[in-house]
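K.L.:
Curious how this folds, go ahead:
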Amino acid sequence: MNFELLFLTSTWASLLTLTAMEIVLGIDNIVFISVLVSRLPPDLAKRARQIGLLLALVFRILLLLILSWLIGLTEPVVTLFGRGLSWRDIILLAGGLFLIYKATHEIHQGVEGDEHDETKPATAGFGAVIAQIVVIDMVFSIDSIVTAIGMAEHVEIMIAAVLISMAVMYAASGAIASFIQQHPTTKMLALAFLLMIGIALVADGIGFHIPRGYIYTAMAFSALVEVLNIWSKNNRAKARLRRPE
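P.N.:
Sure, this is the predicted structure:
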């Protein structure tokens, strides 16, 4: 550890910027985990959420410790339709397609009204949820850390930013998961977000970058409209209760 870094203004500016970016990029992870665990009983859901976020933290730190290998992931390894694809592109393509499939499948089940299959044991569902979290954690971790590499020169700053951002994500994940569980329309909106993120990952994988700012702005606006709808619905319900018969 180079303690001289603690006294440099550039260190703190880099840490602040990188932490903010990691928190924003981590929103995708939180939404995905929250949607998946909503199918589990409350005690298993909490445990799955904790395991998911712990795995996300472990994957990110491990990737930071093997930066030389990670940077090599951006080198083309195969050519498809005249364009070189790196391992990172292939991973993003696979992860994006998985998100598109998963979000579409969940939306279909929600629309058809068969969200919960009571014939499946909770433990089997728990194992399946953890397996899916592992897959998407790896995809989001690689995307997050490859983006972070160009924003900071020192691994210590990157690890500190990841630790802070994961602490913030953990603190917020419970409230987000609970909110999605209690409001079916919010869960459908979250699935639509995941579908959009999956499309963005596939686009990134084939070399067509969609600025994340556009996606997160759309997500924030949609979430604000949803909050207003829920607020309005609750106020109408309270008004009906106060109304004399």
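K.L.:
which SS class is residue 84?
P.N.:
Secondary structure for residue 84, judged by DSSP: H, G, I helix; E, B strand; the rest coil, is strand.
K.L.:
unless I'm mixing things up, it is touching residue 206, no?
P.N.:
No. Counting by C-beta atoms under 8 Å, residue 84 sits too far from residue 206 to count as a contact (11.3 Å). In short, each C-beta sits where N, CA and C put it, glycine included.
K.L.:
Got the confidence number for the residue nearest in space to the middle of the chain?
P.N.:
With distances taken as C-alpha atoms, centre = their mean, residue 29 lies nearest the centre of the chain, 1.6 Å away. pLDDT recorded at residue 29 is 82.
K.L.:
what's the helix or strand for residue 74?
P.N.:
Using DSSP states H and E, residue 74 sits in no helix or strand.
K.L.:
re earlier: test my guess that the residue nearest to the centre of the chain contacts residue 169.
P.N.:
Yes. The criterion here is C-beta under 8 Å, and residue 29 meets it with residue 169 at 7.1 Å.
K.L.:
Find residues that contact each of those two.
P.N.:
Taking C-beta atoms under 8 Å, 6 or more residues apart in numbering as the contact rule, residue 29 and residue 169 both touch 53, 56.
K.L.:
what ranges do the helices span in the protein?
P.N.:
9-37, 42-65, 67-72, 87-112, 122-149, 155-182, 184-205, 212-242 (DSSP state H).
K.L.:
which residues of the chain score low on pLDDT?
P.N.:
Within the chain, the stretches with pLDDT under 70 are 1-8, 10-11, 67-73, 113-124, 147-154, 244-245.
K.L.:
sorry, back to before: what spatial separation is found between the closest residue to the residue nearest to the centre of the chain other than its chain neighbours and residue 27?
P.N.:
Spatially, and ignoring its direct neighbours in sequence, residue 29 is nearest to residue 140 (4.9 Å; C-beta to C-beta, 6 or more residues apart in numbering). Using C-beta to C-beta, to the nearest Å, we find residue 140 at a distance of 10 Å from residue 27.
K.L.:
Compare the two (neighbour count), which wins?
P.N.:
Using other C-beta atoms under 10 Å as the criterion, residue 140 and residue 27 rank with residue 140 on top: 24 against 20.
K.L.:
okay, now residue 177: neighbour count?
P.N.:
There are 23 residues near residue 177, going by other C-beta under 10 Å.
K.L.:
For it, give me its contacts.
P.N.:
Applying C-beta under 8 Å, 6+ apart, the residues near residue 177 are 33, 34, 37, 38, 45, 49.
K.L.:
can you check residue 209 too?
P.N.:
Neighbour list for residue 209: residue 203 [criterion: C-beta under 8 Å, 6+ apart].
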